[in-house]
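Participant: Model the structure of this input:
(2 chains)
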Amino acid sequence: EAQVTQNPRYLITVTGKKLTVTCSQNMNHEYMSWYRQDPGLGLRQIYYSMNVEVTDKGDVPEGYKVSRKEKRNFPLILESPSPNQTSLYFCASSFLTSGGQIEQFFGPGTRLTVL
Amino acid sequence: EDKVVQSPLSLVVHEGDTVTLNCSYEVTNFRSLLWYKQEKKAPTFLFMLTSSGIEKKSGRLSSILDKKELFSILNITATQTGDSAVYLCAVEAFRSGAGSYQLTFGKGTKLSVIP
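Facilitator: Model (predicted):
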């Protein structure tokens, strides 16, 4: 089954304790991205990756890092989490249709609380 | 800066009603507009629109794009309680700074269908 998986699904942590949220897709997609979703702000892109070893900042990259060592995995790293990073995080994997447009599949989400 | 505005932000209707959700956008280098449905989990893809005036239909849902007036509508007829969700609109546009196509999301319309 084609899917995007994220782990963990829920996480409560404390300020400053490094954490990683994993994302994996089994569709051989080249394009992957991370979003955070906050009430009243919608979905905002944190980082994206166009292929292995190719990553770039989205709209809200501060406080986050990513890596793309293999096509299927795109982990999100918070080196020193802060309470303002409490949010719902989505990983997404995309491909270009034959018509040249993006179709995007989302992971199930990770709810992160930073105390 | 690319902008996507959805209205209304929230809507409550009775089962059987017809609703129209709006999405307007201001982007440069537009390529496509996408609609998603988000229940208590990740967004799921509904429609992708690229051409003006061509309606896309899926059951009771339909959507159309007006590239001249820069908006799209999502119609839901004979609403059911299962239609209760947040509906997200996203616009795909080329960002010259990033050198790639990116998605910008609106904040969503929360639809509540009551029996």
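
Participant: Against which helices or strands is the helix or strand of chain A with the lowest mean pLDDT packed?
Facilitator: Lowest by mean pLDDT, DSSP states H and E among the helices and strands of chain A is strand A:102-106, with a mean of 82. Counting contacts by 3 or more CB pairs under 8 Å, 6 or more residues apart in numbering or on different chains; DSSP states H and E, strand A:102-106 packs against strand A:87-96, strand B:30-38, strand B:44-49, strand B:100-105. Every C-beta, even on glycine, is put in place using the N, C-alpha and C of the backbone.

Participant: Buried residues, the first one. List them.
Facilitator: The neighbour-count check on strand A:87-96 (16 or more other CB atoms under 10 Å in any protein chain shown) flags A:87, A:89, A:90, A:91, A:92, A:93, A:94 as buried.

Participant: Could I get the average pLDDT for it?
Facilitator: For strand A:87-96, mean pLDDT is 91.

Participant: Show me how far stretch B:104-115 is from its chain's centre.
Facilitator: How far stretch B:104-115 lies from its chain's middle: 9 Å, per CA atoms, centre = their mean, to the nearest Å.

Participant: same deal with stretch B:11-22?
Facilitator: 14 Å.

Participant: May I have that stretch as CSV, with CA atoms only?
Facilitator: The C-alpha atoms that make up stretch B:11-22 are tabulated as CSV, following Å, rounded to 0.1, in the frame of the first residue of the first chain:
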residue,chain,number,x,y,z
LEU,B,11,-19.6,27.4,8.2
VAL,B,12,-22.4,25.4,9.9
VAL,B,13,-25.1,23.9,7.8
HIS,B,14,-27.9,21.3,8.1
GLU,B,15,-27.8,18.0,6.3
GLY,B,16,-29.1,18.3,2.8
ASP,B,17,-27.9,21.9,2.3
THR,B,18,-25.6,22.9,-0.5
VAL,B,19,-22.5,24.8,0.4
THR,B,20,-19.9,26.8,-1.6
LEU,B,21,-16.4,27.3,-0.3
ASN,B,22,-14.2,30.0,-1.8
